[in-house]
Structure formats: structure tokens, C-alpha cells
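1. sequence first, then the predicted structure:
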Amino acid sequence: MSVGTTSLLRVHNEATRSPTPSPTPSESLQSSLDMNRPSVISARNLTKAYGDLTAVDNISFDVPAGESFGLLGPNGAGKSTTMKMIGGVSQRTSGSLTIMGLDPESHGPEVRAHLGVVPQQDNLDEELKVRENLIVYGRYFGLPLSYLKPKADELLEFAQLTDKANSKVDALSGGMKRRLTIARSLINEPRILLLDEPTTGLDPQARHILWDRLFRLKESGVTLILTTHYMDEAEQLCDRLIVVDKGRIMAEGSPATLIREHSSREVLELRFGSERNASIGVELQGIGERLETLPDRVLIYAHDGEAALEQVTARGLHPMTSLVRRSSLEDVFLRLTGRSLVD
Amino acid sequence: MTDKPLTTAVPPLRAHSPEVSAARARRWGSFFYAEQVLRVMRNYGWSVILYSVGQPVAYLFAMGVGLASLVDANSEAAFGGVSYLEFVAPALLVSAAVMTASGEFSYPIMDGFKWRRVFYGPHASPLIPQQIASGHIMASSLRFLLQSVVYFAVVAMFGASPSPWGWVSAVVATVAALSFGLPLMAYAASIKQDKGQFALVQRFIVMPLFLFSGTFFPLDSLPMAVRWIGWISPVWHGTELGRVFTYGMDQNPLLTITHVVFLLATATVGWVLVRRQFVKRMGS
């Protein structure tokens, strides 16, 4: 490593290491399996407008049973609106949408009886105790207390909240409340779980605990529908995702496929100071496959980031900091929209 | 003798099918939500009980023993030939229920939609907005009824309900509470920002209705210019009906029917508006 400030980050995602654009054998197998699985959610030309604002603009997608499907996009991209339409709590303007073969507008209770929903904003009953929150919620599904009492204990165990069972909700931390909300969404044993920004506002440790719980659900065959604006979350949890911006689908595929199709293997991030970043682009021309100049840094997309960095220093350019990392969904989004995911 | 097994196999927990959930929710959803509201109310059950007993005891003692001794000494005829305590008791009973309704149907509704957003939790379940509204109304009605029954029991203990039909006044008070409360609930469900609207409702609607609805003196003794306040007041209609039941107040049957129709009509219109507002707010 020639530059002292350089650090190397490696994203542990085997597929991103492949320089070839063709799908890996496991991905081909995955797609053929997907073709055989029935869709639990099917959207065709789905549109939602609020007056002149089109929040969701003519999107179509299918989600097969057992898949972990993500909607990745910045705030205001239309992700939550799509989730609300899937949950049958928001009317679509046009297009068609079926959940388990049912239209959520005409069969709202039947559709929601299949779902577990984790909303973006916790709406737990703070005047009830932790365990009581689960029991009361289960009653909305007409579940008997003989089922709900032991089930609540089982879910508290799953959410690592057993010792808080008799605490009031307002005594819980943000991460605990989020886990309780997830536990609550599982009280009816749903086969489809809708998660709207499940880890927003949580610290890294709380996020990792949540990811672990969600991964276990995925392993048990629950279909996860997840919105997020965190690329690492999408990479960790999603088998397949759509990148949405301004209500439209910009790209669709597995995280690995999207990265392979829309970005290079590695990215070299250089910081020359906010004054010089914009002007230095000309001097960096020809290095790597593509160059992206942002206000705070310059990104060079290259198959080999270290080699690109050597070329930069060989031209007598010495950035204040440099970083070689794997390409991520953030880069995909930047490529597709010209904007960063988290502004 | 058969040997008992040392261990018993525990069957795995299984929820019933989504189809059963949806069918039960469609049929009983309002009751499911009412159960939630009652569980929350149980948390402040003691204050509900103390309020239900303490308020009538304090008011009836002050009015019936204190003020009544003065009023009765001067003119019992002004109150239809009954004691002041008998005159004022049904009015206090109805007023108390209406005041409780003004609390139950204002801030908790704002809380459900805006502050803690508790209405949106069940909204993600098979329940529909109309059931959430109805559940809240049903649980609140039960509270009004229980409070009114306790209030009436205290009234009876004070000897202020000579008629055997006096207990009906507890039902009348509950209907009066809904007559006032449901339009208020519809309004509360329409508010997006709290700008002190509920404080204004308390000061400029609830208090005038309490004071100018024939509560402490007959409505006829008020100047015509303010008598209309009583005519549009659920407190007055409820109070007049209550008096018919507690001491058999002499009243034109047509007027009695008018009181019943007024209370039921405003409660029904309020209920329709509430359901419409909940659907509008939660199903955009």
C-alpha cells in the first residue's frame, strides 16, 4: 500500500468478485426455481397519484413465495406508498395488484390476514405492557387466548425480550421497540412479512440483531418484502430487489447482478478537498472505466482499484485520502440516477 | 392400572388459517378493538372508579345539602313541586356523562391518529377503519354506562330518584354522551394539527352547554335570547328526559319523543360522520 491514508474495504459478497457479466450457476438455478414458484404478490402497471404528484408511477413486479424482495430507493421514492397498497390500506390510482391472488382493495381483511406488517413508524400501544401488546394484536385476528399466551412468550423469546415481558413499552429502547414490532407482526404466523424501513434510526448493534432475526425468518420460508434506503441492508437481506426513484423502477435483479451490470468490480474513492474535487476530473481522465465527481469526493470505477490508485499517484496527484472498496448498490443507484441514496 | 407417560407431547402452536382470521375479523372486529380500548382503560381503572363515585357524592352533597337548603326554603314550586336535589340530580348525571364523553372523544382520537398513532396498528390487521371507530365507541359507551349507573346509585342513596323508573336515566345519560360525543369524535378525527381546538371546545361549547341547559334552573327562566343554547344541547334534552324518569316530571309526550329523537338522531349522524372520517383518514 503506497499511500498511508489508504484503507481497503472488502465487501464479503462472492458474486461481486466475478468480473464476468454472465449469471453464476447458483443464480441460474435460483431463477429457474423462481419461475416454478407461484407469485404471492403480483403488481401490474401499479400507479398511485396524490393530485399532481405521482408517488408510484406504473410499476410492475412479481414476488414468488419464500423470496426476500427489496425496494431500494431514497426517501420519497414511493416505496412506502407501494407497501401501503400491498397492505390494502391505500387505494391505487390505476393498475392491478394481487396478494395471494386477492385484490387488497376489495378483500382488505382477507389480504391483511395473510400479512405481518412492520410499519416505518412504531405504533405500539405504549399504555399496555410488552406481552400484552402481542396478545391484543393477536386478538385482531380472532386468535384465542389459549393460542396467544404461549405464542406471545415464544415470540418474546425470539425477539430477545423475555425479561421485558411485563415492562411498559415506553421503558424500551428504540431497538427493543423495533424488535417488539416485528414480534407483533408475527403473532398470526404470516407467510408474508412487510417491513418498511425496519432499521431506520437504530444503532449498528441493534441493526445487526434485527438482521439476524429477519434472516432466521427468511430461512424458515417467510416471504419478506422490505423497503430500505440502506444499501448494506438490501445486500444483506434481499434475494432480489428493485431500485426505485421518483416512483419508477430504475433496475431490477439480485444485489450481485445489479452491481455487476451497473458498476465495476471496485471503486477508488479520492478526496482532494472540496475546492479541488470538481477541477481535478480532467487530470484523472483515462484512469479506470468511469469517473464520477461528487462535491466531497471523486469516484473512479475500475476492475482493480489499487492499480487505479497507482496510476493516480504516477500522474503526480496526491489525494488527501484514498479508499479502495468493492462496488455497492450505492454505486448502482448513483449510476442509474446521478444521485446518492442518502442525501 | 395403566402407567402414566413420564412426558406429555406438547402439540406445536398453530394459528388458525388467514381465512378464519378474516372471517372472524369481519364479524367481530369492532369487539376485538373494543377489547383493546377496555384493556387500556383498565390501566387507569382506579381513577375512573374514584371519578365515578367521588364526583356525584361531591356535587350532590354541595347542591343537595348546601344550595338546596337555600333554594327549597324560598321556592319549591319553581322546580315543578320537587326538591332542588331531585331537580338537579338527573341534570348532574347527564352532565357528568357528557363531560366524560368530551374527554374520551377528543384527545384519545388525536392520539390514535397523530401522537402515538395507535389506530394504525390494528389498521394493518384484518380490521377496517369503521371497526376501529366502532370499537372505540363501544368501549367508551360501556364506560359512560358504568359511570352513569354508579352515579345513579349515589343519586338513589341521596333519595333524589323517587320513581321506580329512575335507573333509565343512566341509559339516557349514556345516549346523551354519545349525542354530544360522536360529532365531537368526527371533528377530532378530522384534525391534523393540534392548535388548542379541544381547549376551545371545553371552554366555549362544553361549559356553556353545562351552564345553560336547564341544569341548575329551568330553561324557561332564561331570556329567550339564550334559550336556544338549551334547545340544541344534548345536555338539556338528556336532562329533561332524565327528570321524566327519576321523578316523573310532567311533560307533553310529544316533547318527550322530541328529546328521544334529538338524542338518537345526533348520535346516529355523529356515528356516520365518524365512520366516514376514519375511512377518509386511514384509507387514502
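-> Arrived safely.
2. contacts, neighbours, all on C-alpha from now
-> Will do.
3. neighbours of B:Gln36, just the number please.
-> The burial count assigned to B:Gln36 is 24, neighbours taken as other C-alpha atoms under 10 Å in any protein chain shown.
4. try B:Gly214
-> 26.
5. how far away is it from chain A?
-> To chain A, B:Gly214 is 39 Å away according to C-alpha to the nearest C-alpha, to the nearest Å.
6. how many neighbouring residues does the residue nearest to that residue when sequence neighbours are not counted have?
-> Closest residue in space to B:Gly214, ignoring its immediate chain neighbours: B:Trp236 at 6.0 Å, by C-alpha to C-alpha, 6 or more residues apart in numbering or on different chains. Neighbourhood size, B:Trp236 [other C-alpha under 10 Å]: 26.
7. check B:Arg26 too.
-> Neighbours of B:Arg26 using other C-alpha under 10 Å come to 18.
8. ok, now which ones touch it?
-> B:Arg26 is in contact with A:109, B:126-127, counting by C-alpha atoms under 8 Å, 6 or more residues apart in numbering or on different chains.
9. would you verify that it is located in a helix?
-> Yes. Assessed with DSSP: H, G, I helix; E, B strand; the rest coil, B:Arg26 lies in a helix.
10. ok, so what distance separates it from A:Leu102?
-> 16 Å (C-alpha to C-alpha, to the nearest Å).
11. just to be sure, the residue nearest to B:Gly214 is in a strand?
-> No. Per three-state DSSP, B:Trp236 lies outside any strand segment and is helix.
12. picking up where we left off before, which ones among the contacts of B:Arg26 lie within strands?
-> Among the contacts of B:Arg26, no member falls in strands (DSSP state E).
13. adding pLDDT, distance to A:Ala234 and neighbour count, write these out as a markdown table.
-> Shown next, in a markdown table, are the contacts of B:Arg26 (pLDDT from 0 to 100; distance: C-alpha to C-alpha, whole Å; neighbours: other C-alpha atoms under 10 Å in any protein chain shown):
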| residue | pLDDT | distance to A:Ala234 | neighbour count |
| --- | --- | --- | --- |
| A:Pro109 | 95 | 29 | 28 |
| B:Pro126 | 96 | 29 | 29 |
| B:Leu127 | 96 | 31 | 29 |
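14. one step back: OK, contacts around the residue nearest to B:Gly214?
-> Applying C-alpha under 8 Å, 6+ apart, the residues near B:Trp236 are B:91, B:209, B:213-215, B:230.
15. go again using 10 Å as the cut-off
-> Contacts for B:Trp236 were tallied using C-alpha atoms under 10 Å, 6 or more residues apart in numbering or on different chains; they are B:91, B:94-95, B:176, B:209-210, B:212-215, B:218-219, B:229-230, B:242, B:259.
16. kindly report the same for A:Glu289.
-> A:Glu289 touches A:263-264, A:300-303, A:308, counting by C-alpha under 10 Å, 6+ apart.
17. which residue does the stretch 101-250 of chain B bring closest to chain A?
-> B:Pro126 (3.9 Å; C-alpha to the nearest C-alpha).
18. give the buried residues for the host helix or strand of B:Thr246.
-> Using DSSP states H and E, B:Thr246 maps to helix B:234-247. Across helix B:234-247, burial judged by 16 or more other C-alpha atoms under 10 Å in any protein chain shown covers B:234-247.
19. sketch out the low-pLDDT regions of the chain for me.
-> The chain I'm using is chain A. Counting by pLDDT under 70, the ranges of chain A that qualify are A:1-36, A:340-343.
20. nope, chain B
-> In chain B, residues with pLDDT under 70: B:1-12, B:73-78, B:284.
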